[in-house]
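A.B. asks: missing the sequence, but the structure's below:
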């Protein structure tokens, strides 16, 4: 564990973002971040797994990489959020339609409201990530003299738990509202179809035993207790089926 | 300036289940029908193909098939002391948008309501005395009986090819079916789906406790089927992508898979998509609808005259259009007077997870209505004497697909992220069965719909305002049936169970169910209801309002079977009675 922390920190210090690359990219790419065109019947194209971020700045990426590694860590069961490509998934989502909140009702007037009234921030998801990450790094800089990414792992966990319970006061952002959105998006990135840039090599599905986009499961309905023995498959196919990369 | 179009015999506002049913029946009767749908055209082979339909992020979490709050939403609050705020993103319920409406992304759980559900007020008072209905509980009888609706339930079940096991055929109780159901004239058109291990263990445990498990009636075809219109459906492959998804396999009944192949080819039917009705227009006397005003995707406004206006949108939009159009007297919770917006209701759910140490349940093998249920604690199927509540709910194990972003069963005390969460989920995902309850919500004086004074939609019209909370009756009922569910869960022989009751106020955040009801209810007189037993407006005789909008309170069953039966019942009255004397009320107030 200590060694992994050390390695990640070295990468971050070197100005690199720890992103495992090398999984096959399946196809064309939209900067829009959604691999389909809303309201059009369209076979989705896979998100570009490329090396660079479209949305996150270097400092933001350092926070994201550090935080998601604590939220879904690599362990003896297998890879975690980093290995699944969650940072790139988040980046592509926030750069696209989801990040802009184009489907949400975003007219005022604005009020905090009750918890039972749900999301009431003026910010789109992209704006909220931007504001929250800046405020978190400012807060940890003030309290611990380092940005979040440079805290020790257990201290990062403690800080994330405080965000989760709303026990941190951040400028302009409700920390609990941010954490709810962030955790949901991280989970999406770990378990979504790989065409969206997360769940790389279907490691999220392999972890729990979900078979993916298979659509005929009749043979298993009455086979009580029989493990599903076919490997998972993505909408974009399986790695072995893809054309070689250019 | 609105452009005036040639008159049509009938215009349908909204083109989901009820729009398709009414259009099919009215065109069969020779009427020239126009349907206006504010969403887009969607069909199986182009939009729900099995080569890309199984995309949980796109359809569930980016909400591809649902109404978009940016376009239209409602404001919500728990009571009148709060300021209602807009539902900025969807959560608790997921109204549909586009051809087929919410009937595209439903699960297919197709129930008949109990005979006593339809007479909730008089039945409960007769059995338990007047005190059982407190003054602020505003439940009513439907004004139509189960016996009157039976042929129309039957018609919808055969249209959809429902897979199930009858429990009561003409009064004779059938083994393996629901012995509490109202008598039906014949069995379901298709046999039940095969039951996986989780539901099977529930059935065994429930039977061991003396209850009566039976297969959930499913609009997921258990075998190839050709419906009475000649439309063919394929057998369900248990892919597990029903609710929140379109079916790529022609197995889940929807307007697309049961009616549209016939309806779309009729010369006397026209569908216009991306056309949003802004208002139902009234003659100067306020008692006759002259047609509708709608706006197309290019922003052009049209006035569409029609002899008959059929309101077929989702319940919340139905109520909003009535209010915006000035039809009927708006409900006032302070005085209890008025009818539009009255008796808004919902459902209340809970669950109990059963964790096994070593049983592999393959929960991803699923279908929207794949499960074994009991009705022993639904409606008034059990003695409520001394319980302090009325109503009830179903209890059962439904195996709908355990899609991986959404389904994270972990034992009590597990954190929501981190290494411990990951380990617990990896161990539990394949080894957990969930006993679900879905309970009734009675109508109460303080739960209602009206127009929001502040927030507006994309066209500048007021949003609907929802004032709703779970009342004592609902919490008491849900706690009671959740305790029964926990007893059955314990009998299922797992390592441990985790009880998840529904506590506190209703919240717009977590998904619960798209079973909103009421707001323009049916009944026996215009003082207490907006619609007569044929869903005809008491105020505007050539206006009929479809959907769960008409339910005076919500039962513990899913609403689609009943709202479809009411639609067929209404269509029959229109074609056989109303058209002989157009513009006249079918029931004298």
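C.D. replies: Looks like it came in fine. What you see is a predicted model, and the numbers here were worked out from it, not measured in a lab.
A.B. asks: how about the helix ranked longest in chain A, does it reach chain B?
C.D. replies: The longest helix of chain A (DSSP state H) is helix A:125-144. No - judged by C-beta under 8 Å from any C-beta of the partner chain, helix A:125-144 stays clear of chain B, getting no closer than 9.8 Å. From N, CA and C alone the C-beta is placed, and that goes for glycine too.
A.B. asks: Just after that helix, pick out the following helix or strand.
C.D. replies: Sequence order places helix A:153-165 as the next helix or strand after helix A:125-144, per DSSP states H and E.
A.B. asks: looking at chain A, which residue lies furthest from center?
C.D. replies: residue A:222 (36.1 Å; C-alpha atoms, centre = their mean).
A.B. asks: can you give me the helices in the stretch 151-300 of chain B?
C.D. replies: B:197-208, B:255-258, B:260-263 (DSSP state H, counting those that start in this stretch).
A.B. asks: Just send these back as CSV, with mean neighbour count too.
C.D. replies: Shown next, in CSV, are the helices of the stretch 151-300 of chain B (neighbours: other C-beta atoms under 10 Å in any protein chain shown):
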stretch, mean neighbour count
helix B:197-208, 22
helix B:255-258, 27
helix B:260-263, 20
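A.B. asks: Looking at those, which is nearest to residue B:505?
C.D. replies: Nearest to residue B:505, of all those, is helix B:197-208, at 30.1 Å by C-beta to C-beta.
A.B. asks: where's the closest one relative to the chain centroid, distance-wise?
C.D. replies: 27 Å (C-alpha atoms, centre = their mean, to the nearest Å).
A.B. asks: Stretch B:367-376 now?
C.D. replies: The answer for stretch B:367-376 is 16 Å, by C-alpha atoms, centre = their mean.
A.B. asks: got it, and stretch B:303-320?
C.D. replies: 18 Å.
A.B. asks: buried residues in it?
C.D. replies: For stretch B:303-320, a neighbour-count test (16 or more other C-beta atoms under 10 Å in any protein chain shown) marks B:303-304, B:306-320 as buried.
A.B. asks: swap in stretch B:223-236?
C.D. replies: Buried-residue list, stretch B:223-236, by 16+ other C-beta under 10 Å: B:225, B:227, B:231, B:233, B:235, B:236.
A.B. asks: Report how far apart the opening and closing residues of it are.
C.D. replies: 7 Å (C-alpha to C-alpha, to the nearest Å).
A.B. asks: List phi and psi for residue B:149.
C.D. replies: The phi/psi pair for residue B:149 (degrees, to the nearest 10) reads phi -80, psi -20.
A.B. asks: circling back: now tabulate the helices of the stretch 151-300 of chain B in JSON lines and tack on distance to chain A and mean pLDDT.
C.D. replies: Output for those, formatted as JSON lines (distance: least, C-beta to the nearest C-beta, whole Å; pLDDT from 0 to 100):
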{"stretch": "helix B:197-208", "distance to chain A": "4", "mean pLDDT": "98"}
{"stretch": "helix B:255-258", "distance to chain A": "13", "mean pLDDT": "98"}
{"stretch": "helix B:260-263", "distance to chain A": "16", "mean pLDDT": "98"}
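A.B. asks: which non-adjacent residue is nearest the residue farthest from the centre of chain A?
C.D. replies: Spatially, and ignoring its direct neighbours in sequence, residue A:222 is nearest to residue B:194 (5.5 Å; C-beta to C-beta, 6 or more residues apart in numbering or on different chains).
A.B. asks: That neighbour and residue B:371: what is the separation?
C.D. replies: 12 Å (C-beta to C-beta, to the nearest Å).
A.B. asks: More neighbours: which of those two?
C.D. replies: Just comparing residue B:194 and residue B:371: by other C-beta atoms under 10 Å in any protein chain shown the higher neighbour count belongs to residue B:371, 28 against 18.
A.B. asks: wait, what's in contact with the more buried one?
C.D. replies: B:195, B:199, B:202, B:215, B:216, B:396, B:397, B:398, B:399, B:400 (C-beta atoms under 8 Å, 6 or more residues apart in numbering or on different chains).
A.B. asks: which residues in chain A form helices?
C.D. replies: Counting by DSSP H, the helices of chain A are A:2-13, A:58-71, A:86-95, A:97-100, A:125-144, A:153-165, A:175-191, A:203-208.
A.B. asks: ranking these by burial, who's on top?
C.D. replies: helix A:86-95 (a mean of 28; mean count of other C-beta atoms under 10 Å in any protein chain shown).
A.B. asks: I'd like to know the beta-bridge partner residues of residue B:519.
C.D. replies: residue B:342 (DSSP bridges).
A.B. asks: Can you check the pLDDT for residue A:51?
C.D. replies: Residue A:51 carries a pLDDT value of 71.
A.B. asks: One more: residue A:172?
C.D. replies: On the pLDDT scale, residue A:172 gets 89.
A.B. asks: Make a markdown table out of the helices of chain A and add mean pLDDT.
C.D. replies: Converted to a markdown table, these look like this (pLDDT from 0 to 100):
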| stretch | mean pLDDT |
| --- | --- |
| helix A:2-13 | 40 |
| helix A:58-71 | 98 |
| helix A:86-95 | 96 |
| helix A:97-100 | 95 |
| helix A:125-144 | 97 |
| helix A:153-165 | 98 |
| helix A:175-191 | 97 |
| helix A:203-208 | 98 |
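A.B. asks: will you turn those helices into CSV that also has distance to residue B:35?
C.D. replies: Formatted as CSV, the helices of chain A follow (distance: least, C-beta to C-beta, whole Å):
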stretch, distance to residue B:35
helix A:2-13, 58
helix A:58-71, 47
helix A:86-95, 36
helix A:97-100, 29
helix A:125-144, 36
helix A:153-165, 48
helix A:175-191, 36
helix A:203-208, 41
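A.B. asks: which stretch among those comes nearest residue B:106?
C.D. replies: helix A:175-191 (23.2 Å).
A.B. asks: per-residue pLDDT, the residue in the stretch 451-589 of chain B that chain A sits nearest to?
C.D. replies: Here the stretch 451-589 of chain B gets closest to chain A at one residue, residue B:507, 4.0 Å apart by C-beta to the nearest C-beta. What the model reports as pLDDT for residue B:507 is 98.
A.B. asks: thinking it is in contact with residue A:115, fair?
C.D. replies: Yes - assessed by C-beta atoms under 8 Å, residue B:507 is found in contact with residue A:115 at 6.8 Å.
A.B. asks: These two - which one has more neighbours?
C.D. replies: Neighbour comparison, residue B:507 and residue A:115: the larger count goes to residue B:507, with 18 against 14 (by other C-beta under 10 Å).
A.B. asks: if I pick the more buried one, what's in contact with it?
C.D. replies: Contacts of residue B:507 by C-beta under 8 Å, 6+ apart are A:115, A:116, A:118, B:91, B:92.
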